[in-house]
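Asks: Fold the following and give me the result.
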Amino acid sequence: MKVVCVDNISIENLLTIGKVYEGNLDKATWFTVTDDKGKESEFYEWRFSTIQNWREKQLDKILI
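Replies: As a prediction, this is how the structure comes out:
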């Protein structure tokens, strides 16, 4: 599943806001993704959004 990073507070060296990652939802609250350093890691699911939801939020910002 492709997801977009929407929150990288305190882990700026591992995830990039707006970057698309390939992830797997594990344990209902974690995504396993390959971070910016090339290591497969688990991150809270709230740090990500689906591409569709992210796109809609970006369009809403432009139209406001």
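Asks: CA atoms for contacts and neighbours, from now on please.
Replies: Fine.
Asks: For stretch 32-43, list every residue counted as buried.
Replies: Buried positions in stretch 32-43, judged by neighbour count with 16 or more other CA atoms under 10 Å: 32-35, 42-43.
Asks: In strands, which of these fall?
Replies: Applying DSSP state E to the buried residues of stretch 32-43, the entries found in strands are 32-34, 42-43.
Asks: could you dump the residues you listed to JSON lines with distance to residue 56?
Replies: Shown next, in JSON lines, are those (distance: CA to CA, whole Å):
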{"residue": "32", "distance to residue 56": "24"}
{"residue": "33", "distance to residue 56": "23"}
{"residue": "34", "distance to residue 56": "25"}
{"residue": "42", "distance to residue 56": "26"}
{"residue": "43", "distance to residue 56": "23"}
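Asks: Farthest-apart pair in these, please.
Replies: Greatest spacing in these, by CA to CA: 34 and 43 (10.1 Å).
Asks: Now do the strands in this protein.
Replies: Using DSSP E, strands in the chain cover 2-5, 20-26, 30-34, 40-44, 48-50.
Asks: So which bits of the second one are buried?
Replies: Spelled out, that is strand 20-26. Within strand 20-26, the residues that count as buried by 16+ other CA under 10 Å are 20-21, 23.
Asks: roughly how far is that strand from the heart of the chain?
Replies: Computed by CA atoms, centre = their mean, to the nearest Å, the chain-centroid distance of strand 20-26 equals 8 Å.
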